[in-house]
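**Q** Any chance you could fold what I've pasted below:
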Amino acid sequence: MGIRGLSSFVAANPHLLCQEKLHDTRVIVDGNNLYHFLYYEGNHSVRYGGDYDRFYQTATDFFTTLKKCGIVPYVIFDGGSETSDRKLRTTLERAKSRLKLAHAIVNGQQNKVLPILTQEVFMYALNELHVHHAQCDYEADEQIVALANKWRCPVLSQDSDFYIFDIEAGFASLQYIDFNPKAFDAADSSTEWYIEVGMYYTCNFTKHFGGISKRLLPIFGTITGNDYVDPEKFAGFYARIKIPKVKSKHLLIGKRHSRMAGLLVWLQKLDISCTDAIIECVLHYVKKEDRSHLRKLMITSINAYAHSDTSLVDHFEGRRNEFSKSRFATYHDTLLPVWFLLECRNCNVPTFVMDVIALHRVIHLCQVENLAVVSAHDVSKLIRQVLYGILLNDCQGTSQQHVEEYNRLKRTLKAQNVEPIYRLSAYGPVPSLLMLRQLPTEDKLNLLCETLEIDVPTMRRLTPLSQLAFAVLHYWVRHANPKVTLTHVVALLVSFFRGLVIERCTQTAERDVVAQVDAGSAYAIFVDVPAVEAKHARDALRKFCSQPKHNNATHFNVSIVHAFAQWQACLKHANCLNCVLSTPLPIANPASLFNGSFAYNLCHNLTTRANVPLYVAELFGRTSQLTVQFEYLYSVVSTWPNIAKSEVDSGWKPGKKRRSNDTAKVRKRARSRERRNGHSDREETLFGCEISNRFSDLGLAADKLSDDENMNNVGGNSDAERESEGEDVVRSSQ
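**A** Sure, this is the predicted structure:
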C-alpha cells in the first residue's frame with residue numbers, strides 16, 4: 001500500500017519528525033520494503049540480472065549496525081495475495097509497469113527493476129545472521145502495527161501507509177535513518193552506540209491541522225488514494241466540493257499538496273463522529289451508479305488501517321496455537337497440514353506457493369530480458385507444472401485444476417492456463433501436499449532430480465551447496481529457448497567457482513584460519529583449494545567485477561542478459577520446489593552463485609576467445625586444483641545436448657556485424673599461443689584429461705565411491721534427523 005503524495009509532503013516538512021537516538025530496543029521491520037530499500041540504496045546494478053553477492057553484504061552490514069546499537073529487529077513479510085482480489089488491479093498494473101521499465105533498461109535508460117532472486121538472498125542472510133522473521137498469511141501492514149503496539153516499539157519501513165496508522169512508539173521511515181552508528185557514554189561509563197532517526201508520530205501530524213481526530217486519518221488516506229482505491233474514483237467528489245485553501249506558518253504546502261491539506265481541513269469541519277456517515281457524505285458527491293462499488297472499496301480500505309489482533313506474538317514466543325484463526329489454514333474444504341503452515345510462517349515456503357494454493361493464480365514478474373523473444377519464465381514451466389501437481393493433487397475433481405499464469409508475451413502481459421503434472425514417467429505419481437511429510441528423503445530427492453532431468457549419481461561428485469545449482473544448470477541448458485552457448489555455461493561455472501570456492505577460501509585465509517583441503521573427501525568438485533590458489537584466481541577475476549561500459553564500439557548484448565534471466569527463473573522455481581519438498585538438497589544461495597555484472601563481463605570476454613577452457617585455466621592457474629575441477633566439469637557440460645555453437649545457431653538474430661580487427665588479432669594470438677604450448681582442441685583430450693574417463697586427471701577411481709555408502713551425502717540429513725537438530729537447515733523464500 002501507499003498514500004499518494006504523503007511521503008513527499010513529509011519530506012517537504014521535516015519538522016513533522018522528531019529526531020531521536022535509537023538503541024537497545026526491539027523494532028518491527030517491514031521486510032518486503034526493506035530489501036527493496038537496501039538493494040536500491042546500495043546502488044546495485046539491475047541491468048545485468050542482479051549483483052547478489054554485493055546485496056548480501058549490504059543486508060549483512062545493515063543488521064550488523066542494528067546489533068551494534070542493541071537494536072533487535074523482527075522482520076515481517078507479506079504472505080499470499082488476498083483471496084478477495086481487492087488488490088489484483090494494482091498488482092497487475094505494477095506488473096505491466098515493470099515490463100515497460102525493463103524494456104526501457106534494455107534500451108539504455110536508468111530505471112529500477114528489482115532482480116527476481118533478491119528476496120531469496122535476503123532470506124538467506126536473515127537465516128545466516130539468526131534474525132527473527134516471519135511471514136504473514138496475507139498483507140503484513142496490519143500485523144506489523146499490531147505487533148509494534150503490543151510490544152510498544154517502533155516500525156521501520158518506507159511505506160507511506162504507516163503515516164496513517166497510529167503507532168504508539170512511532171514510525172521511522174528508512175530514508176530518515178542515519179545508519180552510521182554514533183558512540184555515547186553509558187551509565188556504567190562503557191561506550192555504547194545509537195543511530196539517529198527521524199521518528200513520526202500521528203499526534204505530531206494532527207496538531208499541525210488543528211488537532212484533527214486520528215480516526216479521520218484512514219478516511220483521509222482512502223480518499224487521497226492508495227492500493228485499494230484509485231484517486232480518480234473521487235474525481236467527481238473533488239469537482240463538486242470546495243476544498244479549503246490552507247495557509248500555515250509552520251507547514252510548507254506547495255501546489256502539489258494543497259488538495260491533500262485542504263481535504264484534512266474539510267474532514268475536520270464536517271463535525272461528524274460516525275465513519276459510515278462520513279462515507280455517505282463523501283459518496284453524496286459521486287455519481288449514483290458508482291456509489292455502491294466505491295462504498296465497498298472505501299470500507300475495505302478504511303478497515304485495513306483499523307487496529308487488529310496478531311498471532312505473531314505467539315509465534316515469536318514459541319506458542320503453537322497461532323494457526324487457530326489463520327485465514328490460510330483451509331483451501332477447497334481441505335485443512336492444510338500444520339507443518340506446512342509453520343513452514344509458511346517461518347518463511348521457508350515462498351508466497352508463490354501460497355498464491356497457487358489459495359488462488360490458482362501466479363503473476364510472473366518480467367526481468368531485464370529480450371522482449372522480442374519468449375519470456376524468460378517459459379523455460380521453467382516444467383518445474384512449475386510438477387510443483388502445481390503436488391500443491392493441487394488434493395483438489396483433483398474440483399472445477400478448476402489449472403493455474404492461471406500471467407506472463408510476458410512480447411511487450412504485453414497475458415494470462416494463460418497451465419495444467420499441473422500429476423505423473424512423471426520415470427518416477428510415477430506425484431505425491432500430494434498432505435502426503436509429503438511421510439515421504440522418505442530419498443524419494444523426495446529422486447522426484448527433484450527427475451524434474452530437473454539429472455541422475456542422482458552425477459550429483460555425488462559435487463559438494464552439497466553446489467548440487468542444486470548444478471542440477472538447475474543442466475535443466476536450463478536442456479530447455480533454454482533460445483538455446484544457450486558454451487560461453488554462457490562456462491561463465492556460470494566460473495561464477496559458481498568464484499562464490500562457492502574462491503571467495504570462501506580467500507576469506508578463510510584472511511581470518512587466519514587454515515583451510516582444510518581433504519584429499520580423501522567423497523566430493524571432487526567445488527571443494528576447497530589452497531588459499532594461495534584462491535587468491536591468485538580472485539585477483540585474476542577481479543577485472544570482471546566492474547560495471548560494464550557501453551559505447552558505439554561495445555554495445556549492450558541483450559542475448560547474454562536474457563540467457564542468464566532464463567537461468568534465474570529456473571533457479572527460483574527449482575528452489576521453490578525444493579522448499580516444498582522440505583529441502584532434500586540444501587537451498588542454493590544466489591549470492592554464492594551469481595553476480596550479473598561479473599557474469600556479463602566474463603561471458604562477453606569469452607566470446608572473443610579462440611580457446612575458452614584454456615583461457616579459464618590461465619585465470620585459475622594452469623596447475624591449480626581449481627583448474628583440475630573446472631576441466632572435469634567442462635568435459636561433462638560440453639557433451640550436453642541443446643548447446644548452440646554460436647548466438648546465430650541459438651536462434652538469436654543479431655544485426656550483421658563486422659568482426660573488428662582487434663578481435664581477429666586476439667583470436668590469432670590465442671591460436672599461436674596454443675601451438676607454442678602444445679595445446680589444441682582435439683576431441684579426445686582436454687588439457688591432458690581424457691574425456692572418455694571423467695576421473696582420469698582427478699586421480700579418483702570409480703569404484704572408490706560406493707552408491708550405498710554415499711547416498712546420504714546427497715542432500716544432507718533425513719527428515720527425522722533434521723527435526724532432531726531443530727530444523728536448522730537454511731532455506732529461502734520467494
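**Q** Skipping its backbone neighbours, what lies nearest residue 215 in space?
**A** Take residue 215 and drop its neighbours on the chain: the residue closest to it by Cβ to Cβ, 6 or more residues apart in numbering is residue 275, 7.2 Å away. C-beta coordinates here come from the backbone N, C-alpha and C atoms, glycine included.
**Q** For the one you found, list the residues it contacts.
**A** 215, 219, 302 (Cβ atoms under 8 Å, 6 or more residues apart in numbering).
**Q** Using ChimeraX, define a selection of the buried residues within those.
**A** Buried members of the contacts of residue 275, defined by 16 or more other Cβ atoms under 10 Å, are picked up in ChimeraX with:
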select :219,302
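**Q** taking the contacts of residue 275 one by one, which sit in helices?
**A** 219, 302 (DSSP state H).
**Q** Tell me the one of the contacts of residue 275 nearest residue 542?
**A** Residue 542 has its nearest neighbour among the contacts of residue 275 in residue 302, at 55.1 Å by Cβ to Cβ.
**Q** How about the closest one, nearest residue that isn't a chain neighbour?
**A** Per Cβ to Cβ, 6+ apart, closest to residue 302 is residue 218, 4.6 Å.
**Q** Share the number of residues neighbouring the one you found, please.
**A** Around residue 218 there are 22 other residues, counting by other Cβ atoms under 10 Å.
**Q** Just the pLDDT at it, thanks.
**A** pLDDT for residue 218: 93.
**Q** residues in contact with it?
**A** 164, 301-302, 304-306 are the contacts of residue 218 under Cβ under 8 Å, 6+ apart.
**Q** I'd like to know which of the residues you listed are buried.
**A** 164, 301-302, 304-305.
**Q** returning to what we had before: now distance to residue 612 and pLDDT too, for the contacts of residue 218, in CSV please.
**A** Output for the contacts of residue 218, formatted as CSV (distance: Cβ to Cβ, whole Å; pLDDT from 0 to 100):
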residue, distance to residue 612, pLDDT
164, 57, 96
301, 57, 90
302, 62, 92
304, 55, 88
305, 58, 90
306, 61, 84
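**Q** so which of the residues you listed comes closest to residue 634?
**A** Nearest to residue 634 among the contacts of residue 218, counting by Cβ to Cβ, is residue 304 at 55.0 Å.
**Q** With residue 501 as the reference, measure out to that closest one.
**A** 48 Å (Cβ to Cβ, to the nearest Å).
**Q** coming back round to it: so the residue nearest to residue 215 versus residue 286, what's the distance?
**A** Taken as Cβ to Cβ, the span from residue 275 to residue 286 is 17 Å.
**Q** before we move on, what about residue 152?
**A** 40 Å.
**Q** And residue 144, by the same measure?
**A** From residue 144 to residue 286 the distance is 32 Å (Cβ to Cβ).
**Q** who has more neighbours, the two?
**A** Ranked by neighbour count (other Cβ under 10 Å), residue 144 and residue 286 place residue 144 first, with 32 against 18.
**Q** Quickly find the element holding that one.
**A** Element membership of residue 144, judged by DSSP states H and E, is helix 141-151.
**Q** list the helices and strands that helix packs on?
**A** Using 3 or more Cβ pairs under 8 Å, 6 or more residues apart in numbering; DSSP states H and E as the contact definition, the elements that helix 141-151 packs against are strand 25-30, strand 71-77, strand 155-157, helix 312-316.
**Q** tell me the most buried of the ones you listed?
**A** The highest mean neighbour count among those, using mean count of other Cβ atoms under 10 Å, belongs to strand 155-157: a mean of 25.
**Q** in its sheet, what does it sit against?
**A** Here strand 155-157 has these sheet partners by DSSP bridges: strand 25-30 (parallel), strand 171-185 (parallel).
**Q** Just the strands from the stretch 101-250 of the chain, written as ranges.
**A** 132-135, 155-157, 171-185, 191-200 (DSSP state E, counting those that start in this stretch).
**Q** Let's have those strands in a markdown table, adding distance to residue 103.
**A** Shown next, in a markdown table, are these (distance: least, Cβ to Cβ, whole Å):
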| stretch | distance to residue 103 |
| --- | --- |
| strand 132-135 | 32 |
| strand 155-157 | 30 |
| strand 171-185 | 28 |
| strand 191-200 | 36 |
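**Q** can you tell which of the ones you listed is closest to residue 121?
**A** Nearest of the strands of the stretch 101-250 of the chain (Cβ to Cβ): strand 132-135, 13.8 Å.
**Q** strands paired with that closest one, and their directions?
**A** strand 71-77 (parallel).
**Q** residues making contact with the partner strand?
**A** 22-32, 34, 63, 66, 126, 131-136, 140, 143-144, 147, 156, 195, 312, 316, 347, 351, 733.
**Q** could you give the mean pLDDT of it?
**A** 98.
**Q** what does stretch 547-565 give?
**A** On average, stretch 547-565 scores 92.
**Q** Could you point out the longest helix of the protein?
**A** Scanning the chain for the helix with the most residues, using DSSP H, yields helix 558-580.
**Q** who does it touch, helix- and strand-wise?
**A** By 3+ Cβ pairs under 8 Å, 6+ apart, helix 558-580 packs against helix 351-359, helix 381-392, helix 441-451, helix 464-479, helix 486-497, helix 596-606.
**Q** Just tell me which of the ones you listed ends up closest to residue 55.
**A** Residue 55 lies closest, by Cβ to Cβ, to one member of these: helix 596-606, at 10.6 Å.
**Q** Output the contacting helices and strands for the closest one.
**A** helix 486-497, helix 558-580.
**Q** okay if I get those helices as TSV plus distance to residue 596 and mean neighbour count?
**A** Listed next are the helices and strands packed on helix 596-606 as TSV, based on distance: least, Cβ to Cβ, whole Å; neighbours: other Cβ atoms under 10 Å:
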stretch	distance to residue 596	mean neighbour count
helix 486-497	10	24
helix 558-580	7	25
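**Q** Many thanks, we can stop here.
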